[in-house]
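A.B. asks: what shape does this take:
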Amino acid sequence: MITEWIGKRCFNAVHQRNLVYNTCWEDPRLDRRALDLGAEDTVLVITSAGCNALDYALQAPRAVHAVDMNAMQNALLELKMAAIRTLEYEDFFEIFGKGLHPNWQSIYHDRVRPALRGSDRAIWDRRLDFFDGSARRKSFYFRGTSGFFAWMINGYLNRPQGLRESVQEILSAETVQEQAEIYDARGVSEQLFSKPMRWVLRRDTTLAMLGVPRSQRMQIDRGYPGGIGRFIQDRIETVFKKIPLKDNYFWRVYLTGSYTPSCCPEYLTPEGFDQLRRGLVDRVTTHNNTVESFLRVHDAPVSRFVLLDHMDWLYERHPDLLAAEWQSIIDRSAQHTRILWRSAALDVDFVDPLTVQANGTHVQLGELLRYQKELAAQLHVTDRVHTYGSFYIADLNGVAA
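C.D. replies: Prediction:
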């Protein structure tokens, strides 16, 4: 179909050689509970913006391997790690907390750049305006493809009279009840989800900027009453009215372009920065690779896997590659391996039927997975991001490298 072709072209055009995610959209508070990391654990996580790889490192596991096909995403994590190693906290927070630093160019050249690999230097040498505040999109959190849409949303918030002020009041509210009262009394829903905005939210080009491939959009259209547009509206209304925003740094940075010292990821807190700088940052390594390819050459068992939501689009496009990825996970898994993933779908039905080999026998993957359904459900409802349809925690039984 022509719409499917256009959707794939839009997604590929946006994602190839571009920074897509400037911040992670998976709540590590859930992951900390679900992963239950110990000193002997080795973690594999898809890099995204690298925030959560640093969060896991703060739990002091043996190692964190951040793997991503997009070199830009790994370059961002490398930039953060170089800055942790070379800067004082105040400068670090200006750059990655506020999203810009007036002295970024000199800080970068004199201190951060020498700590980067050559390939990462080449990437950031060409993108100095991402952090110096000189461009029209001043904050780093308005850069990259998802950041561009955040910038457009911020422009939209300034148009309906009083909408920006209402959103700021909601972000500053002390209780969920206060949030809901402001949201309803100010008519935020009617202003925010105007007819033109609802049309924009249904476009494949818009979703591509947000990192949502057409396959994920179709899963929601099939499984959610009202489709993708209604799903987005319902989820955002839930965030505003039912989830505490006081510490919801995901939506704060998206709606304002910056974090605050009291509402930010752990790596941006003074305590987190200090722990990373004193050595925990050195437990994180980046790899420009697919999950399968990395595991094929990695020579040690991995006990924790965080697969984000990438299986949605991998299954839709390349189910054979998804099966191969799971085979590599089985082949490289340690004892007591645990795997986390998220999905746009309300219920994932394509993982368990995959055929894999374990202990010399071909079996369906579901026979090897023991789902922690109660824990996953308990954590999912507290998710501060609240844009995923489902969350999974599975232990791998009976196999170990």
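
A.B. asks: where does Leu210 land on pLDDT?
C.D. replies: The confidence metric pLDDT takes the value 65 at Leu210.

A.B. asks: where are the low-confidence patches of this structure?
C.D. replies: Segments of the chain classed as low confidence (criterion: pLDDT under 70) are 1-17, 209-211, 213, 400-401.

A.B. asks: quick one, longest strand in it?
C.D. replies: strand 333-343 (DSSP state E).

A.B. asks: apart from its chain neighbours, what residue comes closest to Lys241?
C.D. replies: In space, Lys241 comes closest to Ala180 once its chain neighbours are excluded; the distance is 4.1 Å by Cβ to Cβ, 6 or more residues apart in numbering. All C-beta atoms are positioned from the backbone trio N, CA, C, and that covers glycine.

A.B. asks: now name the helix or strand holding the one you found.
C.D. replies: With elements taken from DSSP states H and E, the one containing Ala180 is helix 176-185.

A.B. asks: by contact count, what packs against that helix?
C.D. replies: Using 3 or more Cβ pairs under 8 Å, 6 or more residues apart in numbering; DSSP states H and E as the contact criterion, the neighbours of helix 176-185 among helices and strands are helix 163-172, helix 227-242.

A.B. asks: neighbours of Glu237, how many?
C.D. replies: Around Glu237 sit 16 other residues, with neighbours defined as other Cβ atoms under 10 Å.

A.B. asks: ok, it - contacts?
C.D. replies: For Glu237, the residues meeting the contact criterion (Cβ atoms under 8 Å, 6 or more residues apart in numbering) are 183, 189.

A.B. asks: how about the secondary structure of Glu316?
C.D. replies: Glu316 falls in the helix class when you classify it by DSSP: H, G, I helix; E, B strand; the rest coil.

A.B. asks: quick one: it from Ala83, how far?
C.D. replies: Distance, Glu316 to Ala83, using Cβ to Cβ, to the nearest Å: 37 Å.

A.B. asks: out of those two, which sits in the more crowded spot?
C.D. replies: When neighbours are counted by other Cβ under 10 Å, Glu316 and Ala83 differ, and Ala83 comes out ahead with 23 against 17.

A.B. asks: may I ask which helix or strand encompasses that one?
C.D. replies: When elements are assigned from DSSP H and E, Ala83 belongs to helix 71-86.

A.B. asks: tell me what that helix is packed against?
C.D. replies: With contacts defined as 3+ Cβ pairs under 8 Å, 6+ apart, the secondary structure elements packing on helix 71-86 are helix 51-57, strand 63-68, helix 89-96, helix 118-125, helix 270-277, strand 284-288.

A.B. asks: quick revisit: what packs against the longest strand of the chain?
C.D. replies: The criterion is 3+ Cβ pairs under 8 Å, 6+ apart, and the helices and strands that strand 333-343 contacts are helix 28-35, strand 302-306, helix 310-317, strand 390-396.

A.B. asks: right, so of these, which gets closest to His65?
C.D. replies: Each of the helices and strands packed on strand 333-343 has some distance to His65 by Cβ to Cβ; the shortest is strand 302-306, at 7.3 Å.

A.B. asks: the closest one to helix 28-35, inter-axis angle?
C.D. replies: Going by axes from the mean of the first three to the mean of the last three Cα atoms, to 10 degrees, strand 302-306 is angled at 150 degrees with respect to helix 28-35.

A.B. asks: strand 302-306 pairs with which strands, and in what direction?
C.D. replies: According to DSSP bridges, strand 302-306 forms sheet pairs with strand 42-46 (parallel), strand 333-343 (parallel).

A.B. asks: pull out the buried positions in the last one.
C.D. replies: Of the residues in strand 333-343, those buried by neighbour count under the rule 16 or more other Cβ atoms under 10 Å are 333-334, 337-343.

A.B. asks: which secondary structure state does Pro160 sit in?
C.D. replies: coil.

A.B. asks: could you pull up phi and psi at it?
C.D. replies: Backbone torsions for Pro160, taken as degrees, to the nearest 10, come to phi -60, psi 130.

A.B. asks: what sits against it?
C.D. replies: Under the contact definition (Cβ under 8 Å, 6+ apart), the residues listed for Pro160 are 191-192, 194.

A.B. asks: give me the distance between it and Ser189.
C.D. replies: Pro160 sits 12 Å away from Ser189, taking Cβ to Cβ as the criterion.
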